[in-house]
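Participant: pasting the sequence and the predicted coordinates here, then a few questions.
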Amino acid sequence: MLDLIILSLHFFICFLISIAIWWGSKDADSHSSSTGGAEMEQDGLIFIGKEEDIKKSQRITAKINGREIVVFYHEGKFHALDSRCYHEGGPLCLGEIEDIDGQACIVCPWHKFKITLETGEGLYEGINPLEPSPTPKWQSKGVKQRIHKITIDNGNVYVSPPDLSVSFDSDYFADKYKKGGELAMGK
């Protein structure tokens, strides 16, 4: 009988811990100006987190008006992009950062698409068949991933709401996963 009580207590404690973890992850990911959590400042900026916290973690995901973004701190700079890759919606928050021809790029973990952190350009390695001995070179596909303007003020990191009058390829997956809720945060 004592074994049954201990086992029941163990399952109850595990249940409470899982609820606490689930609730904590909701708090960490719920930076959304219109659907709960984030603070909208007077000048329209949306609070994302503390500068030191983001520097320590190197990246954080957040929501702006329900749209998921990922904020990276890399080599002394903050960068913010839509969190889903423009190609097939891969979770960029899980990607590795690589230097490609002097540009910091996030590599999508699903299909290895490379996107510059600074501009959102998609990069590919291609050749010019008209050259006598063509060698692969990194080339731009153009800006494919929406980037978001970062502002640092008093140790706080803010992002400007996106200008949706201009469209980018990543908008499709930003909208798709905006409706998909929890699927969006790389889960």
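Facilitator: It's in. Here the structure is a predicted model, which means the values were calculated and not measured.
Participant: how about F113, phi and psi?
Facilitator: Here the main-chain torsion angles of F113 (degrees, to the nearest 10) amount to phi -70, psi 140.
Participant: and K176, helix, strand or coil?
Facilitator: What DSSP: H, G, I helix; E, B strand; the rest coil gives for K176 is helix.
Participant: contacting residues for it?
Facilitator: Under the criterion of C-beta atoms under 8 Å, 6 or more residues apart in numbering, the neighbours of K176 are 84, 89. In this view, the C-beta of every residue, glycine as well, is placed from N, C-alpha and C.
Participant: equivalent analysis for D101, please.
Facilitator: W138.
Participant: ok, now which ones touch N128?
Facilitator: So N128 contacts 134, 137 (C-beta under 8 Å, 6+ apart).
Participant: if I look at it, how far off is K137?
Facilitator: Going from N128 to K137 by C-beta to C-beta, to the nearest Å gives 8 Å.
Participant: can you find the helix or strand of the chain with the lowest average pLDDT?
Facilitator: Lowest on mean pLDDT, DSSP states H and E among the helices and strands of the chain sits helix 2-29, with a mean of 58.
Participant: perfect, I'm done here.
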